[in-house]
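>>> Sharing a sequence plus its predicted fold:
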Amino acid sequence: MRARALAVLATALVAAAARADGLGFVYVSPNVGMASGGHAALVADGTVYHLQNGDQGLLLLVRDGWSAFQLVYAELENRPLEVAVLDVAPEVTERVQRSFARLYVEQELELGRRESLRQDVRWLEAYAQERPTPELRGAGLVSPDAAGDPDAVWLRALIHARIGHDSLTRVTAESERAIAELAHAADPTRLDALREALLLREAARSLDRAYGLEARAVAALPPEADDPLTSPERAGLEALSTRLEETIGELVLSARPDRGYALLLAQARYLAARRSLATNHLVLLDAFEAAGRAEVVADAVADSVRARRREHAGALLRNGREQVLGSALVDEANWNLLEEVASIAARDGRADAAGPLSEIGLRKLPARGRSLESAPLAGDLAPALRAARARLREEDARLQRLWSYDLVTRNCITELARATDGAFDSAAEAERVLGAVASPNDERFGFIPFMFFDRVRERMRVSRVVGIQSRREAALARVLRESPGAVTRLRESTAYTSSIYQPSVRDSAFLLFTDDVFWRRPAYGAVNLLFGLGYTTYGLAAAPFDRGQRFGAGLAGILWSVPELAFMNVRKGSFDWVD
């Protein structure tokens, strides 16, 4: 899902599709690659829950808005959807939602715990080898080299006036005491507290010493996405600045030990807002700049696609500015959406430029890191490092036991069904309310998405089944309405003459579309098979120049042509942008 984050932002800011109310199960038709088995999800009052094979083979719950889900799967991935809407009371929908929310929160907490253990190992390794400690998130949003920044000096004066001249000094001193105590104790189970204390000290220092923005923490907008501010936008930025001033004061006075990152982020956003007003051009933090996140330098798309991405990202940012700033909807969630879309615009319109954004998708906060000075831990670190590694191995093993992916026994179907049934006290209650339990354990192939969906339609209380066309299906119907006839149909039947689709190596090499034909499908599949063989030969010759991309596309083309010989369609093509 190369452009999932872009679709999410487009949906959130533009409200591109209708809300899906009630409770229903969604079947997503297959496409090539990881999507070849199809997919399934549950939609409840506009929120979609589905499971994906994620970090280290863990099956993790993903939560999307219905519009974003539809845009990603039906539009970008070109996969038709079917929704079986259940005839249930609103309180049943709410119960099922709570079940999925519990699983989501449980996984988030567990993954956070594992990340903390990973950090413990990295930090102990750095201490043992006398290397700088790993970067702490948010510390790189501001720069000590920019100390004395005029806007930061003004912010410091406001803090002193509101909550006292000694407020920042007091937080710094408290942090220093905590750091000294934790370093002396050298307790490897309290390294998380040490990291929080270091980050809080840096936040207090950055405010007290008036650090300015780190230049690399700002999204570098291209000229086409960098329009001057309008009067309503300036008013919105003034309102945001006032809100951030209040937030920073409240955080300084707070007793939360984990407020260091929140303070740094609020300070950086304040400085970005003030710089925006000073330059009359919007300055936004880069949401995709963070420690350990590698930039993807190039992607295999045509220049025309890249141009469309730039155009779309610029339009999306202008739309977002109008809705968020122009309408004074400058809360944290909406501002974060603007940061995300600015980060996409800064990357040539690529939503996948910062790595696997399809796995995180929503609300990626600016988190540029920086290594901070830390006193060495006392004592022998070798036993502590061995113990930290052992704790991490135990946590990894525990997560594997809980949520490891298995094609048959634990996949997107089995866990979707288990979470649904978990909303009820017993199987009998689930049957009474839904018409049948969701778990497909009584069927040999119930773990296959289309078999599961058939079970839903046949056994559960389904009031209606709604079909949602793929992008090509909808576009083809429109083109045939505007220009009916055999010539148009023939032109749109091939990947290389279509006005709708642009060939891409990631979709495999093929000549004829087979998703809109049935009786002719085996004949089309034979043509595609021969085309794949020829393309593979061509790809072999081109391998020294394209690192085997075309050769791989040819082999994949042969593979995905075989099901077509038996009347089955998997390959449908995909798209790189959202119109």
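Good, I have the coordinates.
>>> Give me the number of neighbouring residues for Ala173.
13 (other C-beta atoms under 10 Å). Yep, even glycine has a C-beta here, placed from its N, CA and C like the rest.
>>> What separation do you get for it and Gly369?
Ala173 is 25 Å from Gly369, where distance means C-beta to C-beta, to the nearest Å.
>>> Which single helix of this structure contains the most residues?
helix 90-128 (DSSP state H).
>>> in it, what's buried?
By neighbour count on 16 or more other C-beta atoms under 10 Å, the buried set for helix 90-128 is 92-93, 95-97, 99-101, 103-104, 107, 110-111, 114, 117, 119-127.
>>> Check stretch 558-577 too.
Across stretch 558-577, burial judged by 16+ other C-beta under 10 Å covers 558-561, 563-564, 569-577.
>>> Neighbours of the residue nearest to Glu75 when sequence neighbours are not counted, how many?
Ranked by C-beta to C-beta, 6 or more residues apart in numbering and with sequence neighbours excluded, the top spatial neighbour of Glu75 is Arg471, at 4.6 Å. Counted by other C-beta under 10 Å, the residues lying close to Arg471 total 24.
>>> My read is that Arg471 contacts Lys572, right?
No. Between Arg471 and Lys572 there is no contact under C-beta atoms under 8 Å: 9.2 Å.
>>> overlap in contacts of these two?
The contact sets of Arg471 and Lys572 overlap at Asn78 (C-beta atoms under 8 Å, 6 or more residues apart in numbering).
>>> so how far is Pro449 from the residue nearest to Glu75?
Separation of Arg471 from Pro449 (C-beta to C-beta): 20 Å.
>>> ok, now Leu42?
13 Å.
>>> now do Leu365
Computed as C-beta to C-beta, the Leu365 to Pro449 distance reads 33 Å.
>>> So which of the two has more stuff around it?
Neighbour count, other C-beta under 10 Å: between Leu365 and Pro449, Pro449 has more, with 21 against 16.
>>> residue contacts, that one?
Pro449 makes contacts with 27-28, 37-40, 412-413, as judged by C-beta under 8 Å, 6+ apart.
>>> For the closest residue to Val142 other than its chain neighbours, the count of nearby residues, please.
What sits nearest to Val142 in space, not counting adjacent residues and going by C-beta to C-beta, 6+ apart, is Tyr211, at 4.0 Å. Residues lying near Tyr211 (other C-beta under 10 Å) number 25.
>>> Next, Tyr211: phi, psi?
When read as degrees, to the nearest 10, the backbone of Tyr211 gives phi -70, psi 140.
>>> That one against Ala139, yeah?
No. Counting by C-beta under 8 Å, Tyr211 stays clear of Ala139, with 10.2 Å between them.
>>> so can I have JSON lines of the contacts of Pro449 showing distance to Ala397, secondary structure and neighbour count?
JSON lines is the format used below for these (distance: C-beta to C-beta, whole Å; DSSP: H, G, I helix; E, B strand; the rest coil; neighbours: other C-beta atoms under 10 Å):
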{"residue": "Tyr27", "distance to Ala397": "34", "secondary structure": "strand", "neighbour count": "23"}
{"residue": "Val28", "distance to Ala397": "32", "secondary structure": "strand", "neighbour count": "26"}
{"residue": "Gly37", "distance to Ala397": "27", "secondary structure": "coil", "neighbour count": "16"}
{"residue": "Gly38", "distance to Ala397": "31", "secondary structure": "coil", "neighbour count": "20"}
{"residue": "His39", "distance to Ala397": "28", "secondary structure": "strand", "neighbour count": "23"}
{"residue": "Ala40", "distance to Ala397": "28", "secondary structure": "strand", "neighbour count": "22"}
{"residue": "Cys412", "distance to Ala397": "23", "secondary structure": "helix", "neighbour count": "24"}
{"residue": "Ile413", "distance to Ala397": "25", "secondary structure": "helix", "neighbour count": "25"}
